[in-house]
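K.L.:
what follows is a predicted protein model with its sequence.
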Amino acid sequence: VAPQKDDWNDLTAAKRAALAIGALDIGQAAVSVGGRVVALEGIEGTDGLLERVKDLRGHGRIANRKRGVIVKCAKPDQEVRADLPAIGPMTVDGAHAAGLAGIGVEAGRSLILDFGEVVSRADALGLFVVGLTAEQEP
């Protein structure tokens, strides 16, 4: 599954937000829906972030907005031997449950756990997974 044109706007917004909170050592992920950042990762981690986005959709806060993305990036000056951003099959399930269209991860500075299952599950659920370079403006 490939991102649609509007998904790239969400990828850009979420990446900028993820890098900003990373610089403050808060978290590594952000969610953008309709070009607007709607949630940032905190101490609850990625699963908690996606659960919160799911709740926001359920309560009508972003119910009328379609699609959206989560982006995970390494923090600026991240020690690359520990605590790299990671996604896995549960991230794909959480993104789908939150009504998101896809996942962006920083290429070369992220871990994809059980890669084959991530790809298979994302395809089955109609989600995209894309790698974003540090310099790239999606």
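P.N.:
Received the coordinates, thanks.

K.L.:
tell me the secondary structure at the residue nearest the centre of the chain.
P.N.:
Centroid-nearest residue in the chain: I70, 2.0 Å away (criterion: Cα atoms, centre = their mean). With DSSP: H, G, I helix; E, B strand; the rest coil as the basis, I70 sits in strand.

K.L.:
what's near enough to touch the closest residue to it other than its chain neighbours?
P.N.:
Leaving aside its sequence neighbours, I70 sits nearest to V31 (Cβ to Cβ, 6 or more residues apart in numbering; 4.9 Å). Bear in mind the C-beta positions are built from the backbone N, C-alpha and C, glycine included. The neighbours of V31, taking Cβ atoms under 8 Å, 6 or more residues apart in numbering as the test, are 14, 37-40, 49-50, 53, 68-71, 98, 100.

K.L.:
one more time with 7 Å, if that's ok
P.N.:
With contact set as Cβ atoms under 7 Å, 6 or more residues apart in numbering, V31 has these partners: A14, V38, A39, L49, V53, G68, V69, I70.

K.L.:
any weak-confidence spans in the chain?
P.N.:
Applying pLDDT under 70 to the chain flags the ranges 134-138.

K.L.:
where do the strands of it begin and end?
P.N.:
Using DSSP state E, the strands of the chain run over residues 29-33, 36-40, 69-72, 86-87, 102-106, 111-112, 128-132.
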